[in-house]
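Undergrad: Compute the structure for the input listed below.
(one chain, ligands or ions: 4)
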Amino acid sequence: MTVGIFQRTTACPYCYDQINPNALAVRCSGKAAPGKQACGEATDQNRVKYFGDATPVRPTIVDATGAQKLSRNEATCGLCGSESAIRVCPHCHSRLPRNFDSDSPMFGLVGVRGSGKTVMLAVLQRDLYTTIAQRFQASIDSPGGKAGLSSDLELLLKGMENQGGSLPEQTAQKSTGMSIPAVFEWRYAKKGFGNRDRQVSTIFSFYDSAGEDLATEDRALGQHYLGATDGVIILLDPFGFSGNRDLAVSKGVDPESLETEPETVLRAITTVLQTAERTKKNKRIKQPVAVVVSKIDAFFDDIPPDHPVRRPAQRLPYFDDAESRDIHDHVAAMIDQWGGGQLLRLLEANYENYRLFGASALGAEPEYQQLKVNARGLLPHRVADPLLWLMADRGFLAKEG
Ligand SMILES: Nc1nc2c(ncn2[C@@H]2O[C@H](COP(=O)(O)OP(=O)(O)O)[C@@H](O)[C@H]2O)c(=O)[nH]1
Ligand SMILES: [Mg+2]
Ligand SMILES: [Zn+2]
Ligand SMILES: [Zn+2]
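TA: Ligands and ions are numbered 1, 2, ... in the order given. The predicted model follows:
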């Protein structure tokens, strides 16, 4: 028996469980039929179980036996008669974007504690809504509303932008469940044959892990997350390389954040990815992996000013692959110089499709111990490049060069 298109499953961008986009749960809209009392809002046990979220919401629609009605589009509430097209994940009850289907790729972000994930995500979120949306004439928004990580990131960004901007505190390891990831839907008109536009859409989901979730024994969540992704962004802390250790300490970087070397982190992530993908012996990991050296601003002095690693990102509505390969080569040389030759060989041996990037969320060095943004303010540098590469790699964005 072949599995038809209607049975195809894909990961929920919120809980990463496999779900069938043609059999989703539906939340009552509360627009009751005449003469009926609309369903009220109450704590949803699935939301509590998955995210510890007790926000009152209307119930999901059930049939006469009490089982959730599963639908491709809409359903009628048996209790209040309201028709609803509010599609939610049958497991975690998160609202799914209208265009959610089995082709929606999922991208993830991982990195060890202190590598700059939280700062990067906060800046990337703003970049997506502003410069990136403009550059690609795209409409980018957050379909689930701005709950969870999305709203946290917005607050953190504000804190960084304020006078005497403060950097986020260390992201806490979740004791139970996970926090709600930041989910984005990106829609735009893609130039088709004969210059005819076609509306295309993709969804991506970023989960801000505490880092040690992925690089230690407790790998279950990491496994679940990376098993669902179609591409991964790995953040590497340049200060973690043996050759930069003294420099980092002299700058006042927290020595605790330098304990795990990038190579150790990559080894752990590689194991998680191999397990998640069930990579066969002597085969390489298939997911495209963008390996990003964060905090590249701290090394700007070592890079010629006219080199693409230091030049601001393009404003043209396509991904410049030639420039990106140029950056890749330069970053590889820098990593090698910092004592990371082994890491480069690890990448080459285990990944079918990877690309190196240099990015900086802050753009200028902070006061590391005081957790203060540089007095020049936030100057993000190439934070969207890895995501754009992943999208271009899937043919979702135009690629040139
Ligand atoms: N120089 C520089 N330092 C950064 C940058 N981003 C983060 N950092 C430093 O790295 C620390 C940890 O960042 P954070 O985002 O909390 O890391 P996370 O643990 O991976 O979430 C910050 O407090 C900063 O000191 C950057 O773009 N440039
Ligand atoms: Mg963090
Ligand atoms: Zn879900
Ligand atoms: Zn109802």
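Undergrad: helices or strands up against the helix or strand encompassing Ser324?
TA: Following DSSP states H and E, one finds Ser324 within helix 321-337. Applying 3 or more CB pairs under 8 Å, 6 or more residues apart in numbering; DSSP states H and E, one finds that helix 321-337 contacts strand 289-293, helix 341-350, strand 354-358, helix 385-393, strand 399-400. (Each C-beta comes from the backbone N, C-alpha and C, glycine too.)
Undergrad: Check the ones you listed for me and report the most buried one.
TA: Among the helices and strands packed on helix 321-337, strand 289-293 has the highest mean neighbour count (mean count of other CB atoms under 10 Å), at a mean of 26.
Undergrad: now that strand, how far from the chain's geometric center?
TA: Going by CA atoms, centre = their mean, to the nearest Å, the spacing between the C-alpha centre of strand 289-293 and its chain's C-alpha centre is 13 Å.
Undergrad: Kindly report the same for stretch 247-256.
TA: Remark: stretch 247-256 is offset 28 Å from the chain centroid, using CA atoms, centre = their mean.
Undergrad: If we go by neighbour counts, what in that stretch is buried?
TA: Neighbour-count burial for stretch 247-256 flags 248, 253-254 (criterion: 16 or more other CB atoms under 10 Å).
Undergrad: one step back: tell me how far the helix holding Ser324 is from the chain's mean position?
TA: Distance, stretch centre to chain centre, for helix 321-337: 23 Å (CA atoms, centre = their mean).
Undergrad: Next, the angle from it to strand 354-358.
TA: Helix 321-337 runs at 80 degrees relative to strand 354-358, counting by axes from the mean of the first three to the mean of the last three CA atoms, to 10 degrees.
Undergrad: can you pull out the helices in this structure?
TA: 45-51, 117-127, 133-135, 149-161, 212-215, 220-226, 245-251, 262-277, 321-337, 341-350, 385-393 (DSSP state H).
Undergrad: So for the fourth one, what gets flagged as buried?
TA: By neighbour count on 16+ other CB under 10 Å, the buried set for helix 149-161 is 149-150, 152-154, 156-157, 160.
Undergrad: packing partners for that helix?
TA: When contacts are defined as 3+ CB pairs under 8 Å, 6+ apart, helix 149-161 sits against helix 117-127, strand 182-191.
Undergrad: Can you name the residues that contact Ala38?
TA: 28, 30-32, 80, 82 (CB atoms under 8 Å, 6 or more residues apart in numbering).
Undergrad: Recalculate using a threshold of 10 Å.
TA: Listed by CB atoms under 10 Å, 6 or more residues apart in numbering, the contact partners of Ala38 are 28-32, 58, 77, 79-82.
Undergrad: These also near ligand 4: which ones?
TA: Among the contacts of Ala38, the residues within reach of ligand 4 (CB under 5 Å from the ion) are 28, 77, 79-80.
Undergrad: Can you name the residue of the stretch 1-150 of the chain nearest to ligand 2?
TA: Of all residues in the stretch 1-150 of the chain, Thr118 sits closest to ligand 2, at 3.3 Å by CB to the ion.
Undergrad: Chain neighbours aside, what residue packs nearest to that residue?
TA: Of all residues not flanking Thr118 in the chain, Pro168 sits nearest, at 4.9 Å (CB to CB, 6 or more residues apart in numbering).
Undergrad: thinking again about what came up before, least reliable of the helices and strands packed on helix 321-337 going by mean pLDDT?
TA: Among the helices and strands packed on helix 321-337, strand 399-400 carries the lowest mean pLDDT, a mean of 86.
Undergrad: Can you report how many residues lie near the nearest residue to Lys31 once chain neighbours are set aside?
TA: Distance criterion CB to CB, 6+ apart; nearest residue to Lys31, sequence neighbours excluded, is Ser82 at 4.4 Å. By other CB atoms under 10 Å, the residues close to Ser82 number 20.
Undergrad: so what's Ser82 up against?
TA: Listed by CB under 10 Å, 6+ apart, the contact partners of Ser82 are 28-33, 36, 38-39, 58, 61, 75-76.
Undergrad: Need the per-residue pLDDT for Met201.
TA: Check again: residue 201 is Ser, not Met. As predicted, Ser201 sits at a pLDDT of 79.
Undergrad: wait, I meant Thr216
TA: pLDDT, read off for Thr216, is 57.
Undergrad: Offset the numbering so it begins at 176, please.
TA: Got it, the first residue is 176 from now on, which makes the last one we talked about Thr391.
Undergrad: per-domain residue ranges of the chain.
TA: Using automatic domain parsing, the domain parsing of the chain gives 176-206+213-277, 282-575.
Undergrad: Fine, thanks again, bye for now.
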